[in-house]
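S.K.: Got a sequence here, can you build the structure:
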Amino acid sequence: MKGIKLMKLSAIGVILIAMTMGQAAPDGCEGARPAGAGADMRRQVAISDQMQDAQKTPTDIRFSLERYNLIRRAYWVNGMREKALSMPCKVNKPIGYIVLVTGNGSILGAFVVDGKLSSLKSYLTPISEAYEIVYGGVSRYVNNWLSDVDGCYGDNDDGVFFFTPDGKYIEWKGAYLYSDIPFTVKDPVLKLGVEGGLK
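M.R.: Numbering: from 1, shown residues only. You can find the predicted model right below:
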């Protein structure tokens with residue numbers, strides 16, 4: 001009986017060792033995780049917990065300028081420009097300054113930003129809803145895609161958008177310089193050549 005128990009324990013030990021040896025190192029290298037890596041990760045998680053306790057995520061923000069911009073944009077791009085322009089803002093909007101830079105380094109334009117710069121990848125609602133279905137004792141996860149505020153599905157382009165103080169709407173996909181300090185760019189450098197080097 002003891003021999004059978006020892007054989008079972010030995011088999012379990014071999015399986016555990018094989019599983020450990022087959023794990024990739026955290027940096028993606030082949031082989032087992034370095035000794036002490038687990039303890040090191042646990043210490044790092046503890047440090048993160050301490051930092052989050054010391055510097056908590058603010059819970060007293062009562063008005064989101066990002067959501068304000070997204071609602072304003074939803075009206076604007078769906079033909080309701082007047083509603084977008086007349087939307088009240090419950091906080092004093094900051095003023096920003098942006099310079100749009102083309103791929104070859106030239107300046108396309110400079111604008112004053114009313115409020116804030118926003119990402120085209122920000123959404124008012126989630127793009128999908130994941131939930132579990134249990135049927136006949138078998139559970140499976142379902143991902144239900146949700147439409148955007150205009151009833152359409154999909155994803156936005158990368159890039160940013162903003163409004164100017166005189167009510168203009170601008171989208172940009174490219175490099176830019178943004179600040180709350182007024183600035184002008186003098187003598188921009190124009191790069192000539194084919195991307196990846198001349199051929």
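S.K.: which stretches of the chain form strands?
M.R.: Secondary structure of the chain (DSSP state E): strands located at 95-101, 107-114, 118-119, 128-135, 138-145, 160-163, 169-172, 175-179.
S.K.: Make a markdown table out of those and add distance to residue 39 and mean neighbour count.
M.R.: (Glycine included, C-beta is placed from N, CA and C.) Shown next, in a markdown table, are the strands of the chain (distance: least, C-beta to C-beta, whole Å; neighbours: other C-beta atoms under 10 Å):
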| stretch | distance to residue 39 | mean neighbour count |
| --- | --- | --- |
| strand 95-101 | 45 | 18 |
| strand 107-114 | 48 | 16 |
| strand 118-119 | 38 | 17 |
| strand 128-135 | 33 | 9 |
| strand 138-145 | 33 | 8 |
| strand 160-163 | 42 | 22 |
| strand 169-172 | 47 | 15 |
| strand 175-179 | 42 | 14 |
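S.K.: Please name the nearest non-neighbouring residue to the spatially most central residue of the chain.
M.R.: Centroid-nearest residue in the chain: residue 121, 7.6 Å away (criterion: C-alpha atoms, centre = their mean). Spatial nearest neighbour of residue 121, chain neighbours left out: residue 156 (5.9 Å); criterion: C-beta to C-beta, 6 or more residues apart in numbering.
S.K.: Residue 69 versus that neighbour, what's the distance?
M.R.: With distances taken as C-beta to C-beta, to the nearest Å, residue 156 is found 13 Å from residue 69.
S.K.: any idea what sits nearest residue 124, other than its immediate chain neighbours?
M.R.: Excluding the flanking residues, the one nearest residue 124 by C-beta to C-beta, 6+ apart is residue 70, at 5.2 Å.
S.K.: Next up, the contacts around the one you found.
M.R.: Shown in contact with residue 70 (C-beta atoms under 8 Å, 6 or more residues apart in numbering): 118, 122, 123, 124.
S.K.: What of residue 71?
M.R.: Applying C-beta under 8 Å, 6+ apart, the residues near residue 71 are 87, 124.
S.K.: ok, back up a step: between residue 156 and residue 69, which one's more packed in?
M.R.: residue 69 (24 against 14; other C-beta atoms under 10 Å).
S.K.: what's the spacing between the residue nearest to that one when sequence neighbours are not counted and residue 160?
M.R.: Residue nearest to residue 69 in three dimensions, not counting chain neighbours: residue 118, with 4.2 Å by C-beta to C-beta, 6+ apart. According to C-beta to C-beta, residue 118 stands 6 Å off from residue 160.
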